[in-house]
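Undergrad: take this sequence and fold it.
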Amino acid sequence: MILAANHQSFLDPPAVGMGLGRQVYFMARSTLFDVPLLGGLLRGQHAVPLERGAADVSAIRTAVNLLRRGQGLVLFPEGTRSHDGAVGVFQPGFAVVAARAQVPVVPVAVDGGMDVWPRWRKVPTWGRVRVAYGEPLAPPESGKAAAVAAADEVRRRVVALLEDLRTRE
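TA: So this is what the prediction gives:
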């Protein structure tokens, strides 16, 4: 399965992974692997490097292979952390991978990361980060139009999960 989540902070990957009860893989910007200590931490947490802003064929192949072997993969389809906490446009690449691997997509909402560790703060503060997992969606059809439609639908469901989290507060 692919877990497709909104992206507010550096806390999002561990927050999504901790609620699963199983090991999952993550896609992370390749330049993060060059940062001392962080690169080793990412490798230890099963992160896969991804060249952002390009069609990284190697990363896509790795992702499809992991999924076909039954692994879970966490992706952040916005491509970067939010500047203001709003959910950005979901890029359709995750839907292309899901279609190739024929795996379901689970919408995931992360809330609170923007308050605890926004992109402009060097270190986190105390606070609560909550995660909600939606119902799995069937693997998307192949093709660009189907990938775009799947990305829009998953984004819509993530936004609905976020609204639900915030109304339960």
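Undergrad: which residues of the protein score low on pLDDT?
TA: The chain contains residues with pLDDT under 70 at 53-54, 169.
Undergrad: show me where it has helices.
TA: All helices of the chain, identified by DSSP state H, fall at 12-18, 38-44, 57-68, 93-101, 113-116, 144-167.
Undergrad: count of residues packed around residue 72?
TA: Neighbours of residue 72 under the rule other CB atoms under 10 Å: 20. The C-beta positions use only the backbone N, C-alpha and C, and glycine is treated the same way.
Undergrad: now do it against residue 56, distance only.
TA: Look at residue 72 and residue 56: by CB to CB, to the nearest Å, they are 20 Å apart.
Undergrad: how about residue 120?
TA: Distance from residue 120 to residue 56, by CB to CB: 27 Å.
Undergrad: more neighbours: which of the two?
TA: The residue with more neighbours, out of residue 120 and residue 56, is residue 56; 18 against 7, by other CB under 10 Å.
Undergrad: residue contacts, the more buried one?
TA: Taking CB atoms under 8 Å, 6 or more residues apart in numbering, we find residue 56 in contact with 30, 50.
Undergrad: report the beta-bridge partners for the nearest residue to residue 153 once chain neighbours are set aside.
TA: Excluding the flanking residues, the one nearest residue 153 by CB to CB, 6 or more residues apart in numbering is residue 137, at 7.0 Å. Residue 137 has the following beta-bridge partners by DSSP bridges: residue 105.
Undergrad: surely residue 137 meets residue 99?
TA: No. Counting by CB atoms under 8 Å, residue 137 sits too far from residue 99 to count as a contact (11.7 Å).
Undergrad: where do the contact lists of these two overlap?
TA: Shared contacts of residue 137 and residue 99, defined by CB under 8 Å, 6+ apart, comprise residue 150.
Undergrad: for residue 109, the count of nearby residues, please.
TA: Residue 109 has 24 neighbouring residues, counting by other CB under 10 Å.
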